[in-house]
Every structure is written in C-alpha cells, then in structure tokens.
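Engineer: Predicted model follows, preceded by the sequence.
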Amino acid sequence: MSQPAVALAPLPFDLVLDDGEPLESEWHAMQFPLLCELIRQTMVEQERADFYLGGNMFVYYSIEQAREVAEEEAKGLKKRAFRGPDVFWVGGVPDPERNRQVWIAWEEDGRLPDVVIELLSPSTAKKDRTEKRDLYARVFGSAEYFMCRPDGRGVDGLRLSGRTYQPIPPDEKGRVWSAQLGASFGYWHGSIRGRRYDWVRLFRPDGTLVPTEAEAERQRTDAEHQRAEKERRQADAERQRAEAAEAELARLRALLEERGRG
C-alpha cells in the first residue's frame, strides 16, 4: 500500500538522523523497546525473516519532508515536519539485515511501513489521532495503525479501507488483532526489568502471551527442571518397583525353602 518515492541522489542537504528528543516518561522509554522485542519474537515464532522493524527511528517519505526536517534542525525552528512513528514494521523486505540508520522510502523502492504503533502521551495524543492518522492513511498507506495509551485503558486499532482507517473492534478481553503481525495487542500488568506497569503486550491467536527473551528463558529453565523432576520420579518409581519385585522374589524363595524342609 506504500506510495512511490522519487529517488534523488545526492541530496543537497544532510539527512537528520536523530533530533535528540528524549522519550516522555519511563513507561515510554521502556515500552517501545519492549514492543520491538515482542514483535521480533512473534516473527521468530512464525519463522519469518522478511521484515524490517524500527523503533524510535526517523522515516523519510519524500525529499520535501527531509528538507523541512533539515531546515528545522539547522535553524533551530519549532519541529513541525514529521520525523517518524514510535515503532513501525515493514513486511516483505528483501534485505532486512542491511544496516539502516533511518528508513528512506526512495532507497526502499518506495516502501513505507505496513504497521505503525504510536505510544500516546498528553502532548502528542491529539496529533497522533489527527495529523499522523491522516498521514499514515493517505501518504504511507499503512495497512494498520495502533495507538497505545500509557494508562492501560486500551489500544486503539485502525485498519486501512481504501484511503481511510476503520476501527478494529477489540475482543472480549479488550485486545486488538493485527492481521499483519498475526498477533493481538493488549495490556498485561506486571514487572518488566524491575518496573511494574500496565504494559502493552502481544498475544498469540490462542490468547497466550508472546514472551520476552527473559520470560522465554525462564520458561525453558522451568521446562527443563520439570523434565528433570519427571525423570527423577520415574527413576524412583522404577527403583521402588525393582526393590518390591526383589523382595517378593526373596519371600517366595524363602517360602519354597521352608516347604522343602518340611
């Protein structure tokens, strides 16, 4: 659904790679790498490698936009030009391992994100719901757009229909399905890296959590312990059966000997 981009090189200005803007809160700073980790894990489970995932990374969709960003940074102007979403995913990428500092549409055959995720905040929510929503629908042609609130009150999901977005209805647990990612967005209250919040997590089609790397490692460790414990119990049971059989054999031998003496 991405719009074509015209390749012009070299540019008469330097692309801005980072504007140094800090993320708005601890939740935001921890949530966006968490989402990236979970999306990658989802792709691993689906045995997919033909994708690119960006987090807190600039997306350039036109030369004009890139020029506006460069001018704002060079002149210290108020930031009005679009920089990029919090998290984005592009499917069907032929060279996903190529190093990219930013996503440049005219160097990607005009491709733009298929899935966009914004972490809302009081200072950005209005723009995320209006200007960015229109940009992602009409310019990016992103198939899905998800807006996540830090207060745990819901994920708003939108799916492209024509050139406009239509709401994705949540399921009975308030989770919103992403057809592009093959997983649902929803909230989970718990501790991540020692901090307890309502985190936006991904859920498999069967409703189970997509684990973080740490959770997956704990699951593997627990499974190994359970396997070892099962093997220990089986060995104990075998030993007890062998001891019981040996005792019964000794009893029968003693009984036969006693009868023989009689």
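Structural biologist: The structure has been received and is ready for your questions.

Engineer: show me what contacts R175?
Structural biologist: V155, S184, F185, G186, F203 (CB atoms under 8 Å, 6 or more residues apart in numbering). All C-beta spots, glycine's among them, are computed from the backbone N, C-alpha and C.

Engineer: doesn't L158 make contact with the third one?
Structural biologist: No: when contacts are counted by CB atoms under 8 Å, F185 is not listed as touching L158 (11.7 Å).

Engineer: residues shared between the contacts of those two?
Structural biologist: By CB under 8 Å, 6+ apart, the residues touching both F185 and L158 are F146.

Engineer: helices and strands around the top helix by length along the chain, which ones?
Structural biologist: Taking DSSP state H as the criterion, the chain has its longest helix at helix 213-261. Applying 3 or more CB pairs under 8 Å, 6 or more residues apart in numbering; DSSP states H and E, one finds that helix 213-261 contacts helix 26-45.

Engineer: which of the residues in the helix it packs on are buried?
Structural biologist: Under the neighbour-count criterion of 16 or more other CB atoms under 10 Å, helix 26-45 has 27-28, 30-32, 34-43 buried.

Engineer: now swap in stretch 86-93 and tell me
Structural biologist: Counting neighbours by 16+ other CB under 10 Å, stretch 86-93 gives D86, V87, F88, W89, V90, G91, V93 as buried.

Engineer: could I get these as CSV with distance to V16?
Structural biologist: Formatted as CSV, those follow (distance: CB to CB, whole Å):
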residue, distance to V16
D86, 17
V87, 19
F88, 17
W89, 23
V90, 21
G91, 26
V93, 23
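
Engineer: Reformat the residues you listed as CSV; add distance to I63, pLDDT and secondary structure.
Structural biologist: Below are those laid out as CSV (distance: CB to CB, whole Å; pLDDT from 0 to 100; DSSP: H, G, I helix; E, B strand; the rest coil):
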residue, distance to I63, pLDDT, secondary structure
D86, 24, 95, coil
V87, 25, 96, strand
F88, 20, 98, strand
W89, 24, 98, strand
V90, 20, 98, strand
G91, 25, 97, strand
V93, 22, 95, coil
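
Engineer: pLDDT weak spots in the stretch 1-150 of the chain?
Structural biologist: Low-confidence segments of the stretch 1-150 of the chain, defined by pLDDT under 70: 1-9, 22.

Engineer: can you give me the helices for it?
Structural biologist: 26-45, 63-75, 125-129, 131-135 (DSSP state H, counting those that start in this stretch).

Engineer: Break the protein down into its structural domains.
Structural biologist: 26-210, 211-262 (automatic domain parsing).

Engineer: returning to what we had before: give me the angle between the longest helix of the chain and helix 26-45.
Structural biologist: 60 degrees (axes from the mean of the first three to the mean of the last three CA atoms, to 10 degrees).

Engineer: Can you give the distance of helix 213-261 from its chain's centre?
Structural biologist: Put simply, helix 213-261 sits 44 Å off its chain's centre (CA atoms, centre = their mean, to the nearest Å).

Engineer: Closest one to F51 out of the buried residues of helix 26-45, please.
Structural biologist: M43 (6.0 Å; CB to CB).

Engineer: hang on, the earlier thing: the helices of the stretch 1-150 of the chain into CSV, with extra columns for distance to A179?
Structural biologist: Converted to CSV, the helices of the stretch 1-150 of the chain look like this (distance: least, CB to CB, whole Å):
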stretch, distance to A179
helix 26-45, 13
helix 63-75, 28
helix 125-129, 21
helix 131-135, 19
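
Engineer: Looking at the ones you listed, which is nearest to R149?
Structural biologist: Using CB to CB, the nearest of the helices of the stretch 1-150 of the chain to R149 is helix 125-129, at 8.1 Å.

Engineer: And the contacts of that closest one?
Structural biologist: Residues contacting helix 125-129 (CB under 8 Å, 6+ apart): E118, L120, M147.
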